[in-house]
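*Asks:* The amino acid sequence is not available; the structure is as follows:
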């Protein structure tokens with residue numbers, strides 16, 4: 001064999017080996033198991049908390065510096081999956097300079113859902129970690145909310161989760177799917193909530209804003225207006241003052257110009273529980289701080305009591321429903337032992 005032919009033969013062999021190696025690596029990558037979705041399961045008297053790493057989580061997302069794919073899901077101990085497998089969800093978006101786990105704890109989100117006795121799950125996706133940023137990552141893409149809720153429903157069917165939540169689990173032969181979806185947002189969480197209303201791929205039923213209406217007024221207005229008749233869209237917006245107060249009054253005026261009846265509580269406790277339940281667009285002024293607005297007077301709990309979520313437990317919350325609404329302060333969370 002001539003030297004030139006020999007070198008050519010060696011080159012082809014090397015190329016073939018490299019191609020075979022690349023093909024093998026490709027096959028291995030294709031055959032590799034998906035990322036473990038259930039990172040941690042925590043159980044307690046109130047229910048079960050799942051820390052998940054989901055493909056449909058807001059992050060990581062192209063062009064964003066955030067990598068945390070955490071989605072916290074809380075299953076109250078009293079939860080029972082409906083016969084149709086449709087899982088009602090309360091999806092909460094935290095504000096700036098925070099994390100999902102810190103927000104859920106500080107704002108007593110699990111406790112408020114549990115106390116409302118509503119037959120729904122809490123879903124709290126991780127947004128930008130400890131950043132002054134309201135970006136929603138993949139939740140700002142068309143269909144992002146639908147993909148997140150569908151993936152949560154699928155994970156609830158996995159053996160590890162079914163075993164952990166016991167009687168709360170969806171039946172083996174049931175098809176788990178998102179049911180009624182309510183959005184909740186504190187502060188900077190308004191931006192991703194608005195994206196979900198515009199193009200999230202699901203017909204959101206209710207929205208609760210906690211000193212959060214900094215902008216996106218058009219998105220909230222159009223969503224409320226589109227929810228007339230049987231397709232009822234309900235907005236409850238709590239505000240403290242300043243810019244957020246101005247935006248709430250602007251939205252209230254725009255809705256009234258479009259024929260939407262609005263309820264406006266200018267004195268805390270002025271509206272009755274019946275009015276909170278029946279209202280289509282409810283605006284509530286409060287003297288609480290921006291940080292405490294979600295939980296110090298159990299604002300989220302009362303939104304859930306008054307919601308259209310499918311209840312499976314009775315409640316006395318509606319006793320004296322036509323009298324001014326009593327406001328009860330939440331006891332501070334116990335400090336961990338030093």
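*Replies:* Arrived safely, thanks for sending. None of these values were measured; they are calculated from a predicted model.

*Asks:* Now stretch 193-205: buried residues?
*Replies:* Across stretch 193-205, burial judged by 16 or more other C-beta atoms under 10 Å covers 193, 194, 195, 196, 197, 199, 200, 202, 204, 205. Glycine gets a C-beta too; all of them are placed from N, C-alpha and C.

*Asks:* any idea of the pLDDT on residue 230?
*Replies:* On pLDDT, residue 230 comes in at 75.

*Asks:* Equivalent analysis for residue 337, please.
*Replies:* Value listed for residue 337 in the pLDDT field: 36.

*Asks:* And for residue 3?
*Replies:* 42.

*Asks:* The closest residue in space to residue 254 that isn't next to it in sequence: neighbouring residues, count only.
*Replies:* In space, and not counting its chain neighbours, residue 254 is closest to residue 221: 5.2 Å by C-beta to C-beta, 6 or more residues apart in numbering. Here the count is done by other C-beta atoms under 10 Å, and residue 221 has 20 residues near it.

*Asks:* again with residue 175
*Replies:* Around residue 175 there are 12 residues (other C-beta under 10 Å).

*Asks:* Return the backbone torsion pair for it.
*Replies:* When quoted as degrees, to the nearest 10, the phi and psi of residue 175 stand at phi -100, psi 110.

*Asks:* Now do the helices in the stretch 1-150 of the chain.
*Replies:* Counting by DSSP state H, counting those that start in this stretch, the stretch 1-150 of the chain has helices at residues 3-31, 100-106, 109-116, 144-155.

*Asks:* The biggest strand by length in the chain versus helix 144-155: what angle between them?
*Replies:* Longest strand in the chain by number of residues (criterion: DSSP state E): strand 177-186. Taking axes from the mean of the first three to the mean of the last three C-alpha atoms, to 10 degrees, one finds strand 177-186 and helix 144-155 inclined to each other by 120 degrees.

*Asks:* mind listing the strands for the stretch 201-338 of the chain?
*Replies:* Shown for the stretch 201-338 of the chain, the strands assigned by DSSP state E, counting those that start in this stretch span residues 206-210, 234-239, 262-265, 281-285.

*Asks:* With respect to burial, which of those scores highest?
*Replies:* Comparing these by mean neighbour count (mean count of other C-beta atoms under 10 Å), strand 206-210 ranks first with a mean of 27.

*Asks:* For the residue nearest to residue 254, give its distance to residue 37.
*Replies:* Counting by C-beta to C-beta, to the nearest Å, the gap from residue 221 to residue 37 is 37 Å.

*Asks:* between the buried residues of stretch 193-205, which is nearest residue 175?
*Replies:* Of all the buried residues of stretch 193-205, residue 202 has the smallest distance to residue 175: 16.6 Å, by C-beta to C-beta.

*Asks:* and the longest strand of the chain, average pLDDT?
*Replies:* Over the span of strand 177-186, the pLDDT mean works out to 97.

*Asks:* residues near residue 57, how many?
*Replies:* 25.

*Asks:* same deal with residue 288?
*Replies:* Neighbours of residue 288 (other C-beta under 10 Å): 20.

*Asks:* ok, it touching residue 240?
*Replies:* Yes: counting by C-beta atoms under 8 Å, residue 240 is a contact partner of residue 288 at 6.7 Å.

*Asks:* that older thread, any chance of the strands of the stretch 201-338 of the chain in a markdown table, plus mean pLDDT?
*Replies:* Formatted as a markdown table, those follow (pLDDT from 0 to 100):
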| stretch | mean pLDDT |
| --- | --- |
| strand 206-210 | 98 |
| strand 234-239 | 98 |
| strand 262-265 | 98 |
| strand 281-285 | 98 |
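
*Asks:* wait, which of those is closest to residue 106?
*Replies:* Nearest of the strands of the stretch 201-338 of the chain to residue 106, taken as C-beta to C-beta: strand 206-210 at 12.5 Å.

*Asks:* Sheet-wise, list the partners of that closest one with their directions.
*Replies:* strand 177-186 (parallel), strand 234-239 (parallel) (DSSP bridges).

*Asks:* Can you tell me, leaving aside adjacent residues, what's nearest to the residue most central in space within the chain?
*Replies:* Residue closest to the average C-alpha location in the chain (C-alpha atoms, centre = their mean): residue 91, at 1.9 Å. Residue nearest to residue 91 in three dimensions, not counting chain neighbours: residue 123, with 4.6 Å by C-beta to C-beta, 6+ apart.

*Asks:* which ones are touching the one you found?
*Replies:* Residue 123 sits next to 71, 72, 73, 89, 90, 91, 92, 148, 149, 152 when contact means C-beta atoms under 8 Å, 6 or more residues apart in numbering.

*Asks:* looking at the helices of the stretch 1-150 of the chain, which one has the lowest mean pLDDT?
*Replies:* helix 3-31 (a mean of 37).

*Asks:* ok, now which ones touch residue 40?
*Replies:* So residue 40 contacts 50, 51 (C-beta under 8 Å, 6+ apart).
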